[in-house]
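Student: sharing a sequence plus its predicted fold:
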Amino acid sequence: MQGGLDPEDGHNVVIHEFAHQLDSLTGHTNGIPILRKGQRYEGWEKAMLDAYQGHLDRLEAGQHTLISAYGATNHQEFFAEATVTFFEKPDALHRDEPALYAQLSELFGLDPARWDRA
């Protein structure tokens with residue numbers, strides 16, 4: 001409930017679990033959901049793996065991470081936490097992880113960095 005009350009804190013269990021549901025539609029929960037028509041797995045894989053490795057590297061170096069540290073658990077948790085960040089901190093994700101943002105934007109058919117949140 002706490003994460004749901006603040007739409008910009010980067011914590012939202014509902015969005016996180018929704019991402020797992022999308023991920024599991026393939027029959028496997030592995031961080032690779034069914035992609036949007038025309039979206040290429042090669043682009044998805046590169047963006048996700050690069051962002052995941054960068055996330056691990058920053059955590060290992062003791063640096064702050066935009067995506068929750070829980071995302072370092074495995075690829076499926078990274079996808080879920082990246083999805084939360086995509087919706088709750090879109091401007092920062094677009095700035096810090098543009099390839100990942102682009103893949104999530106294509107997957108969801110949304111561009112929350114352009115939403116007026118006034």
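Tutor: Looks like it came in fine. Quick caveat, the model's predicted, so the values are computed rather than measured.

Student: now for the chain, the helix or strand with the poorest mean pLDDT.
Tutor: Within the chain, no helix or strand scores below helix 2-5, which has a mean of 57 by mean pLDDT, DSSP states H and E.

Student: give the next helix or strand downstream of the helix or strand where residue 14 lies.
Tutor: Here residue 14 sits within helix 13-24, counting by DSSP states H and E. Using DSSP H and E, the helix or strand that follows helix 13-24 towards the C-terminus is helix 41-60.

Student: residue 37 versus residue 109, what's the distance?
Tutor: Relative to residue 37, residue 109 is positioned 10 Å away (Cβ to Cβ, to the nearest Å). Glycine gets a C-beta too; all of them are placed from N, C-alpha and C.

Student: neighbour count: the two, which is higher?
Tutor: More crowded of residue 109 and residue 37, by other Cβ atoms under 10 Å: residue 109, with 8 against 5.

Student: residue 11: neighbour count?
Tutor: Residues contacting residue 11 under the criterion other Cβ under 10 Å number 18.

Student: how many residues are close by residue 77?
Tutor: Residues lying near residue 77 (other Cβ under 10 Å) number 21.

Student: over to the one 3 residues further on?
Tutor: Using other Cβ under 10 Å, residue 80 has 27 neighbouring residues.

Student: how much space between residue 54 and residue 114?
Tutor: Going from residue 54 to residue 114 by Cβ to Cβ gives 24 Å.

Student: need the contact list for the most centrally placed residue in the chain.
Tutor: Taking Cα atoms, centre = their mean as the criterion, residue 82 is the residue nearest the geometric centre of the chain, at 1.8 Å. Counting by Cβ atoms under 8 Å, 6 or more residues apart in numbering, residue 82 makes contact with 48, 51, 67, 71, 93, 97, 100, 104.

Student: tell me which of the residues you listed fall in helices.
Tutor: Under the assignment DSSP state H, the contacts of residue 82 contribute 48, 51, 93, 100, 104 to helices.

Student: residue 59 contacts residue 68, doesn't it?
Tutor: No: with contact defined as Cβ atoms under 8 Å, residue 59 does not count as touching residue 68 (10.4 Å).
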